[in-house]
Structures are given as C-alpha cells and as structure tokens.
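Novice: quick one: sequence plus predicted model below, questions after.
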Amino acid sequence: MSGKWIQDSGSKKRKIQKRKELVIQSIAGSMDRENGENDVTIEILYCGMCHTDLHYARNDWGITMYPVVPGHEIAGVITKVGSEVKGFKIGDRVGVGCLAASCLKCDYCKESQENYCDQVQFSYNGIFWDGSITYGGYSNFYVSDYRYVVHIPESLPMDAAAPLLCAGITVFCPMKDNNLVNSAPKKIGVVGLGGLGHVAVKFGKAFGHHITVISTSPSKEKEAKERLGVDDFLISTDPQQMQSRKRSMDFIIDTVSAQHSLGPILELLKVNGTLVIVGAPEKPMDLPSFPLIFGKRVVKGSMIGGVKETQEMMELCGKHNITCDIETVKAEPDSINQALHRLSKNDVKYRFVIDIAGKSSSL
C-alpha cells in the first residue's frame, strides 16, 4: 500500500473530539509494501471519495488506526507484475475496490463472496497478511494482490468509472441477488438520490425496470426525471404521496445513511416484496413489525460484492455505458479538505473523484 495522508498531528483525544475536521497535509508515493509474487503495482490515476472515508477519518465507528490513508475506489494502470500473477500485465487499466485480503479458504471465499469472509481486510485501515496496515488510494501508487483487482473496460473513462468500485458494486449486488439483472420489468424503488442512489437508478433503467425515487428533497425531482429518466418521484415526507403508492413496488433499495424509519417505505412494497439496506446510519433504524407481518415482506442488508461480481458489474457498465456522475478534485490538500467538508454536507452531484495524476479523463 502506499501514500502519505496525514491526520492532524495532535493527540488521539484531539483527533476524535467532536468529530474534528480532518487535515490532509500531503500526498506522496512512498511504497510501504514491496511488490510480491502475487502482487501488482498500480499507478493511481483517480480515486473516488466515499462517505466511508469521512467516517474513518473522523473515527465515527471507533475503529480507525491513525494515520489513516482513505480511498477504496482506485483506478489506474499496472506498472509492475509479480511472478505468480495471472490475467494481468503491465499497462492494463485496472481498479481496486474495498477488498485487500481474505482467507481464500472458507466457503464464502470459494463462492467468490470474499466480502463476507470472517477474515476480510479492507483496502485501508485493514491489516494485510504480512501484518502491515493497509493504506488506500489517496496516494500515487497502490500495491495489491492480483486476486482483488479488476479490469476496467476500455470504453469507460477512468475517472467516472472509479466510484463504481464501491458505489456501483454496492447497488449492483442487491439487484443481481434479487434476479433483477435479466428479469422481466419490475417496479423498483430507490430511496435517496445521492452517490449510491443515482447509480442504482442507472442500473435499474439499463435493466429495463420502472424506477421510482423516494426522497426528502422535492428539488431533485426535475433532475431525476429529465436527466436520469426516473419514471416516478415520491416525497417521503408527504403522507398522501406515500399512501397513493402503497403496495405498488416489487423491490426497494435504501441508500440513505441518515437515520429514518423503515415503516413508510415498507408500506410501498407489494406482498412478498423485498427491501435491501445498503446505507449505514450511525444509529439503529426504526423497524415496525406490522408492515412486515401484514405484507410478508423481507428486509435485508448487503455489503459491496466479491471480486467476480465486481468484474461482472464492470463488464455490464461497459456494455450499457454506465458511469458515475462526478466532480473532479485536484490532488492538493486544500482541495481535498474542501471536498471532504462538502461531502459531510452531501454537497456533491454525485461523487467526488481525486485526479491523482492530473491526467485527462480519456484514460
């Protein structure tokens, strides 16, 4: 892993106190792990900025190991290949998402669901097989075991493809798991039109489904319908609107990370409908029992995807020309800090991407 992304150098107490604003001091390319026989070295061109980065930087979940180098939406070009690497060569356009290591032996790993392995380690703030701490993509280079790397199709611009490695796979897997990739048209709801939600809309439309966005923001309706092609738009705080769509949807994906009640959303589902949670609110959700019992409905969660699924998603994105709507950020401390501040206020349409190498998006 690589890079020098430094948190405010004060005491641990000061770092965590009141979720203090983080300060990026430098981005460098020092290699903390040598390229091994199963590794590839990647020159990072772009790295997406996920809300998870903010949680780790602020230690919202109490598990951050400082100094932390965020970034798990890494897009770049291979510059070095280990002797045992298969399927990759120097010059390949590749991506690395959230995964850095897993046991490779359990049932989940054997079934290409490495993301659910008990020993999974993530691209940053994890502990690699050799005991070193993993550092993420807010850096110039990244060393990864090739088994956690995917190819990025030539048809996709690298900058707009980078967030697919987290945001994309997070919403793709629930659709695949619920047989929505190649099914007859269904009525799908997407709760929240942000970084995850706008990609869910794009997948749903590409797969031929009727898409309803469920949002607290009336101002997003015009863009949702006119630019993203959404079929219907509901204001979740309007009881009349919500009541008018009762039992109308087959499947809903909830992308919202703020605390909210699931009861009104469940009422939108048909009998036997499914609600999948992919947002991660800090506080427990309100889950009333009656909408579950009287509708025979299912609520479940989903977390990113395995490497095989991520590659499958990338190929489908190349086929359907699906990318994320992004705002590019210069690889400078002030610019990144400003973007993180805006991210904390959800002030972005729809994902920030750091232009690490300062190169054109034609790559």
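Specialist: Arrived safely.
Novice: residue 186: what's its closest spatial neighbour, skipping adjacent residues?
Specialist: Excluding the flanking residues, the one nearest residue 186 by CB to CB, 6 or more residues apart in numbering is residue 250, at 4.3 Å. C-beta here means a position set from N, CA and C on the backbone, and glycine is covered the same way.
Novice: where exactly do the strands run in the stretch 151-300 of the chain?
Specialist: All strands of the stretch 151-300 of the chain, identified by DSSP state E, counting those that start in this stretch, fall at 187-191, 210-215, 232-235, 249-254, 269-277, 298-301.
Novice: could you check the angle the fifth one makes with strand 249-254?
Specialist: In other words, strand 269-277. Interaxial angle, strand 269-277 versus strand 249-254 (axes from the mean of the first three to the mean of the last three CA atoms, to 10 degrees): 20 degrees.
Novice: just checking: what are the partner strands of strand 269-277?
Specialist: strand 249-254 (parallel), strand 298-301 (parallel) (DSSP bridges).
Novice: what is the helix ranked longest in the chain packed up against?
Specialist: Taking DSSP state H as the criterion, the chain has its longest helix at helix 307-320. Secondary-structure packing of helix 307-320 (3 or more CB pairs under 8 Å, 6 or more residues apart in numbering; DSSP states H and E): strand 149-151, helix 167-177.
Novice: all strands of the stretch 1-150 of the chain, in order?
Specialist: 39-49, 74-81, 93-96, 99-101, 121-122, 141-145, 149-151.
Novice: for residue 328, find the nearest of these.
Specialist: strand 39-49 (8.1 Å; CB to CB).
Novice: pull the distance from the closest one to the chain's centre.
Specialist: 16 Å (CA atoms, centre = their mean, to the nearest Å).
Novice: report the angle between it and strand 141-145.
Specialist: 120 degrees.
Novice: quick one, helices of the stretch 201-350 of the chain?
Specialist: All helices of the stretch 201-350 of the chain, identified by DSSP state H, counting those that start in this stretch, fall at 221-226, 239-244, 263-266, 290-293, 307-320, 333-344.
Novice: the ones you listed: which one's closest to residue 149?
Specialist: helix 307-320 (7.8 Å).
Novice: what separates the closest one from the chain centre, distance-wise?
Specialist: 14 Å.
Novice: can you pull out the low-pLDDT segments for the stretch 251-363 of the chain?
Specialist: 359-363 (pLDDT under 70).
Novice: kindly recompute the last result at 50.
Specialist: 360-363 (pLDDT under 50).
Novice: if we can go back for a sec, contacts only, for the residue nearest to residue 186.
Specialist: 186, 187, 188, 269, 270, 273, 274 (CB atoms under 8 Å, 6 or more residues apart in numbering).
Novice: same thing but at 6 Å, please
Specialist: For residue 250, the contact set (CB atoms under 6 Å, 6 or more residues apart in numbering) comprises 186, 187, 270, 273.
Novice: how many neighbours does the nearest residue to residue 340 once chain neighbours are set aside have?
Specialist: Nearest non-adjacent residue to residue 340, counting by CB to CB, 6+ apart: residue 54, 6.1 Å away. Using other CB atoms under 10 Å, residue 54 has 17 other residues around it.
Novice: what's the pLDDT at residue 54?
Specialist: Confidence at residue 54, expressed as pLDDT, is 91.
Novice: ditto for the one 5 residues further on
Specialist: Residue 59 is assigned 91 on the pLDDT scale.
Novice: likewise residue 95?
Specialist: Looking at residue 95, its pLDDT reads 98.
Novice: partners of it in the sheet?
Specialist: Assigned bridge partners for residue 95, using DSSP bridges, are residue 75, residue 150.
Novice: which non-adjacent residue is nearest residue 115?
Specialist: Residue 115 sits nearest to residue 304 (CB to CB, 6+ apart), 5.0 Å away.
Novice: and residue 297, what is it in contact with?
Specialist: So residue 297 contacts 266, 269, 273 (CB under 6 Å, 6+ apart).
Novice: residue 195 too?
Specialist: Residues near residue 195 by CB under 6 Å, 6+ apart: 167, 350, 351.
Novice: swap in residue 97?
Specialist: Counted by CB under 6 Å, 6+ apart, residue 97 has contacts 72, 165, 166, 310.
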